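Asks: Build the 3D model from these lines:
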Amino acid sequence: MAEGTPAAHRIGAPPLIAGLSAFAADYDLILCDVWGVIHNGVHAFPAACAALEQARAGGATAVLVSNAPRPNTAIIAMLDGFGVPRTSYDAIVTSGDVTRTLLSARGRVNVFHLGPERDLSTYDGLDIALGPLEAADLVVCTGLFDDNVETPDDYADMLAQMKARSLPFICANPDLVVERGASLVYCAGAIAKAYEDIGGEAVYCGKPYRPIYETALGLATALRGGRLDTARVLGIGDALRTDIAGANAAGFDSLFIAGGIHAAELKAADGAVPDSASLAALFDGHAHPRGVMPRLAW
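Replies: Okay, here's the model as predicted:
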């Protein structure tokens, strides 16, 4: 499907394709996820990087769209460390960028940062005051304090305190979990969901919500020097809830990478071809992507 309209709900499993080359020529813009597609939190996937390079060589613009809660400059540095070549993408947009825009519009506020210290660059240059929960006007959650050992259950008492004060809660990463090597770790989206489960209200800054796509489209339009047709935009990602649902809601086609966070349920670990029955079950009741691959490749 390349009409720029939401995909239909179909019966069975979405089609497997051999590589991005099968339909790359149909698109002027590729909006590609990062974790689970370009790298797994430990090392890059060279074939995925090469596929984006090939698409760019064919005239497409590749913008990485990540639910990372840090500014794009921090993600560029991280990708450099993983060995992701800068020739594989034109630009990066993160949920951290969207979070910064949202905070800038609020003026000077007292912020309680819920998340690891590595995410503090999210606030660089902003007119805010970081401080304890007791003095906060709002909460910004970028993740768990220690996602190696903690789960959302560890935050029950803290979330109850936030709810008692009806504190606004900005979720800087809507992902529930993300790949880190062979494991999955909880993300800020899991904490935001727990807050909503007790009656709190959360604002989400990344995929599948519209603002991050609007930011990416605006950037790509500037890079290409002209208006983009949504029928020629392809979203690539490994998460049904964020990447595929977000692309569909925005009117884009999508390519699903089965070897990411859904690998275990799809029996697609280590680049294996996903199990057809499990793939059909995953997408039952959901709009289908245009194609499925174990890992992104040309």
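Asks: how about the residue lying closest to Leu16 once chain neighbours are set aside, secondary structure?
Replies: Nearest non-adjacent residue to Leu16, counting by Cβ to Cβ, 6 or more residues apart in numbering: Val292, 5.2 Å away. Yep, even glycine has a C-beta here, placed from its N, CA and C like the rest. For Val292, the assignment made with DSSP: H, G, I helix; E, B strand; the rest coil gives strand.
Asks: if I pick Val292, what's in contact with it?
Replies: Contacts for Val292 (Cβ atoms under 8 Å, 6 or more residues apart in numbering) come out as 13-17, 255-258, 274, 279.
Asks: any idea where the strands of the stretch 101-250 of the chain begin and end?
Replies: Along the stretch 101-250 of the chain, counting by DSSP state E, counting those that start in this stretch, strands occupy 110-114, 129-130, 138-141, 169-171, 177-180, 183-186, 202-204, 233-237.
Asks: Comparing those by mean pLDDT, which bottoms out?
Replies: Ranked by mean pLDDT, the strands of the stretch 101-250 of the chain end with strand 177-180 at the bottom, a mean of 78.
Asks: Ala297 against Leu52, yeah?
Replies: No - judged on Cβ atoms under 8 Å, Ala297 makes no contact with Leu52 at a distance of 10.4 Å.
Asks: Among the two, which residue is more densely surrounded?
Replies: Leu52 (27 against 18; other Cβ atoms under 10 Å).
Asks: And the more buried one, which helix or strand is it part of?
Replies: Using DSSP states H and E, Leu52 falls within helix 46-57.
Asks: and the helix or strand following that helix, which strands flank it?
Replies: Downstream of helix 46-57, the next assigned helix or strand under DSSP H and E is strand 61-66. Strand 61-66 has its sheet partners listed here by DSSP bridges as strand 29-32 (parallel), strand 91-94 (parallel).
Asks: quick check: angle from the helix or strand following strand 61-66 to helix 46-57?
Replies: Sequence order places helix 72-82 as the next helix or strand after strand 61-66, per DSSP H and E. Calculated by axes from the mean of the first three to the mean of the last three Cα atoms, to 10 degrees, helix 72-82 forms an angle of 120 degrees with helix 46-57.
Asks: The nearest residue to Ala247 once chain neighbours are set aside: neighbour count?
Replies: The shortest distance from Ala247 to any residue other than its chain neighbours is 3.0 Å, reached at Gly235 (Cβ to Cβ, 6+ apart). By the measure other Cβ under 10 Å, the count of residues near Gly235 is 29.
Asks: Next: the one 5 residues further on.
Replies: Burial of Leu240, expressed as a neighbour count using other Cβ under 10 Å, amounts to 19.
Asks: Give me the distance between the closest residue to Gly59 other than its chain neighbours and Arg56.
Replies: In space, and not counting its chain neighbours, Gly59 is closest to Asp28: 7.3 Å by Cβ to Cβ, 6+ apart. Distance of Asp28 to Arg56, computed by Cβ to Cβ, to the nearest Å: 11 Å.
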